[in-house]
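Trainee: Sequence below, structure please.
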Amino acid sequence: MAEKLNVSTATISNAFNRPDQLSEGRRRWILEECKRLGYMGPNAAARSLRTGRTGNVGVMLADNLAYSLTDPVASEFLHGLAEVLDRRHMNMLLLSSQDDDEHRSRLQESMVDGFIVYGWLKKGRTYDRLLQHGKTMVAVDFDLEGCTWVNIDNYEGARRSAEHALRQSPENVAILGLRLVDTDRVCRIRDRELFNEARAISVRRLHGYTDALEAAGYQVPAERIWSTPTNTHQDAYQAAREALTSSPRPDLLLCMSDRIALAAIQAALQMGLRVPEDVRIVGFDGIPEGANIHPSLTTVYQQSAEKGRIAARIFLGEQEDANVLLPTCLLVRESCP
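Mentor: You can find the predicted model right below:
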């Protein structure tokens, strides 16, 4: 193209990649001539081979894509991540750790400059594969060996919310947990093995609850702790109904997500119970829906979008490559005043 237009190759490159280096009229002429002659710009694949950079960031999600895009906390995280990547004109490729097609996964993973791993990544083929790539990795919401992480203070947030709820001296407490055990159904934890604390944020929240309860003189047996396999209304509603029909009926529900808490409020109201008079309910996450219902939800607000921004800045080298623990904030509302 440079020969045909009697300009330098640098001028052609600037027209496509650095428009500030040319006058608007000259750039428009070059682009129009290139289009007329059938040249649509530099080859991205060739450029990535030359520079070793693709301009893509792989976002490895613990759950499938459909779930991650509808979960309000994951959606906020992706929003914060996208804000920073947009500013740097970079793209993100959403990947799921649940993809069983290893050949396709390897191909997709080769198309990115590194990985931001969100949610939880258990050891296995996907974990080993990411390590083998030797690319930059940042973990979010869990600890990954040899990898910088961005977390919120799940333990402190849960403990503070439980301490607040216990000021009114409930008689019976139940905990509605999220993924406390490795199962695909709603269940009580009983003697099941909990996920490793370093791998599961819910276990940290559980420790926050139980430490606050023990300090206040309460003992919550394992059969008063439910675990939901997904953060969905269906599973949460089932767990809430089971808890609220158990004997003795709890007058305080500590819920490990706002979705679980909102389902618990619905279940309680449909059973003719008053919130907070008959049962007080506390959530965790601070999603907007919790403030817009009646009774409004007492919850722990976490900085979901900020987690995404920080993870992106660390990945891009805009922020110190060091672990980040973000504080939470207790929002006291009608469900547990």
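
Trainee: can I see the domain layout of the protein?
Mentor: Residue ranges for each domain of the chain read 2-42, 55-151, 154-303+325-331, as given by automatic domain parsing.

Trainee: show me the contacts for the nearest residue to Glu306 once chain neighbours are set aside.
Mentor: Residue nearest to Glu306 in three dimensions, not counting chain neighbours: Gly80, with 6.0 Å by Cβ to Cβ, 6 or more residues apart in numbering. To be clear about C-beta, it is placed using only N, CA and C from the backbone, and glycine gets the same treatment. Shown in contact with Gly80 (Cβ atoms under 8 Å, 6 or more residues apart in numbering): 304-309, 312.

Trainee: so which of the residues you listed comes closest to Gln21?
Mentor: Distance ranking of the contacts of Gly80 against Gln21, using Cβ to Cβ, places Ala312 first at 27.7 Å.

Trainee: Can you find the helix or strand of the chain with the lowest average pLDDT?
Mentor: Least confident helix or strand of the chain, by mean pLDDT, DSSP states H and E, is helix 44-51 with a mean of 50.

Trainee: just checking, next helix/strand downstream of that one?
Mentor: Going down the chain from helix 44-51, the next helix or strand is strand 56-61, by DSSP states H and E.

Trainee: and the next element down the chain from that following strand?
Mentor: Strand 56-61 is succeeded, C-terminally, by helix 65-70 (DSSP H and E).

Trainee: Name the surrounding residues that touch that following helix.
Mentor: Helix 65-70 has contacts (Cβ under 8 Å, 6+ apart) with 61, 74-75, 78, 94, 96, 118-119, 230, 232.

Trainee: Quickly note the distance from the residue nearest to Glu306 to Tyr301.
Mentor: 14 Å (Cβ to Cβ, to the nearest Å).

Trainee: same thing with Asp278?
Mentor: 26 Å.

Trainee: cool, Ala174 as well?
Mentor: Taken as Cβ to Cβ, the span from Ala174 to Tyr301 is 23 Å.

Trainee: likewise His79?
Mentor: 16 Å.

Trainee: So which of these two has more stuff around it?
Mentor: Tyr301 (20 against 13; other Cβ atoms under 10 Å).

Trainee: Across the sheet, point out what pairs with that one.
Mentor: Taking DSSP bridges, one obtains Asp285, Cys329 as the residues bridged to Tyr301.

Trainee: so where do the helices sit in the stretch 101-250 of the chain?
Mentor: Using DSSP state H, counting those that start in this stretch, the helices of the stretch 101-250 of the chain run over 102-109, 125-133, 154-165, 201-215, 233-244.

Trainee: Rebuild the ones you listed as a markdown table, extending it with mean pLDDT and mean neighbour count.
Mentor: Listed next are the helices of the stretch 101-250 of the chain as a markdown table, based on pLDDT from 0 to 100; neighbours: other Cβ atoms under 10 Å:
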| stretch | mean pLDDT | mean neighbour count |
| --- | --- | --- |
| helix 102-109 | 70 | 13 |
| helix 125-133 | 73 | 15 |
| helix 154-165 | 98 | 22 |
| helix 201-215 | 94 | 21 |
| helix 233-244 | 97 | 20 |
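
Trainee: any low-confidence regions in the stretch 51-200 of the chain?
Mentor: 51-53, 99-103, 105, 122-125, 191-199 (pLDDT under 70).

Trainee: 50 instead, please
Mentor: 51 (pLDDT under 50).

Trainee: which one is Val300 nearest to, not counting chain neighbours?
Mentor: Gly157 (4.2 Å).

Trainee: How about Arg333?
Mentor: Ser296 (4.0 Å).

Trainee: Thought Cys336 was touching the one you found, still the case?
Mentor: No: the pair formed by Ser296 and Cys336 falls short of the contact definition of Cβ atoms under 8 Å, at 10.2 Å.

Trainee: In terms of neighbours, single out the busier of the two.
Mentor: For Ser296 versus Cys336, the count of surrounding residues by other Cβ under 10 Å is larger for Cys336: 26 against 16.

Trainee: okay but that one is in contact with Val300, surely?
Mentor: No: with contacts counted by Cβ under 8 Å, Cys336 stays clear of Val300, the gap being 11.4 Å.

Trainee: ok, back up a step: any chance of TSV for the helices of the stretch 101-250 of the chain, columns distance to Thr183?
Mentor: Converted to TSV, those look like this (distance: least, Cβ to Cβ, whole Å):
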stretch	distance to Thr183
helix 102-109	25
helix 125-133	20
helix 154-165	21
helix 201-215	13
helix 233-244	11
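
Trainee: looking at the ones you listed, which is closest to Gly283?
Mentor: helix 154-165 (8.3 Å).

Trainee: by how many degrees do that closest one and helix 201-215 diverge?
Mentor: Counting by axes from the mean of the first three to the mean of the last three Cα atoms, to 10 degrees, helix 154-165 lies at 40 degrees to helix 201-215.

Trainee: Name the surrounding residues that touch helix 154-165.
Mentor: By Cβ under 8 Å, 6+ apart, helix 154-165 touches 201, 204-209, 211-213, 215-216, 252, 254, 256, 280, 282, 284, 298-300, 302, 327-328, 330, 332, 336.

Trainee: between Cys336 and Val300, what contacts are shared?
Mentor: In contact with both Cys336 and Val300: Val282, using Cβ under 8 Å, 6+ apart.

Trainee: Show the contacting residues for the residue nearest to Leu252 when sequence neighbours are not counted.
Mentor: Of all residues not flanking Leu252 in the chain, Pro170 sits nearest, at 3.9 Å (Cβ to Cβ, 6+ apart). Contacts for Pro170 (Cβ under 8 Å, 6+ apart) come out as 250-252, 280.
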